[in-house]
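Visitor: Let me see the structure of the following:
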Amino acid sequence: MYVKWTRQAQGFNQATYPNKNYNLSADLVTENVVDGFSQQQHVSKLGSVTVEENPHGELTFLFGSQLAFWKDVRQKLEEVELSAENIESITAELSSKIPMTN
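Guide: Purely as a prediction, here's the structure:
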């Protein structure tokens with residue numbers, strides 16, 4: 001299992017240009033090989049945040065969205081039956097993009 005990141009643009013906003021606003025979503029997926037072809041299977045939507053990305057690629061989290069993100073992630077990971085090792089790996093991958101909050 002791994003985390004698949006998707007971005008959904010908020011549209012062009014002159015007030016923040018050249019920064020970009022978008023929703024960044026994390027989904028838990030698994031990959032299976034069937035007849036030699038790789039197929040992704042969606043397991044769970046973990047959460048999303050609203051971000052502003054500057055031209056240097058640095059993210060600013062808007063509206064405290066990272067706080068709700070981690071609450072949702074913890075809840076979803078409890079619902080999906082995963083080993084402690086898998087949970088640790090997924091949490092590390094998520095925290096590489098979105099800083100963990102208490």
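Visitor: Quick check: the residue lying farthest from the centre of the chain vs residue 2, distance?
Guide: Distance from the centre of the chain peaks at residue 35, with 29.7 Å (Cα atoms, centre = their mean). The gap separating residue 35 from residue 2 is 22 Å, by Cβ to Cβ, to the nearest Å. No exception for glycine: its C-beta is placed from N, CA and C like everyone else's.
Visitor: and if you look at residue 21?
Guide: Separation of residue 21 from residue 2 (Cβ to Cβ) stands at 26 Å.
Visitor: who has more neighbours, those two?
Guide: Higher neighbour count among residue 21 and residue 2: residue 21, with 18 against 14, using other Cβ atoms under 10 Å.
Visitor: List the single closest residue to the residue nearest the centre of the chain in space, sequence neighbours excluded.
Guide: Nearest to the mean C-alpha position of the chain, by Cα atoms, centre = their mean, lies residue 26 at 2.6 Å. The shortest distance from residue 26 to any residue other than its chain neighbours is 4.4 Å, reached at residue 46 (Cβ to Cβ, 6 or more residues apart in numbering).
Visitor: got the residue ranges for the strands in the protein?
Guide: In the chain, the strands defined using DSSP state E lie at 2-9, 20-34, 37-53, 59-61.
Visitor: Same list, those strands, but as JSON lines with distance to residue 78 please.
Guide: Shown next, in JSON lines, are the strands of the chain (distance: least, Cβ to Cβ, whole Å):
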{"stretch": "strand 2-9", "distance to residue 78": "16"}
{"stretch": "strand 20-34", "distance to residue 78": "13"}
{"stretch": "strand 37-53", "distance to residue 78": "11"}
{"stretch": "strand 59-61", "distance to residue 78": "23"}
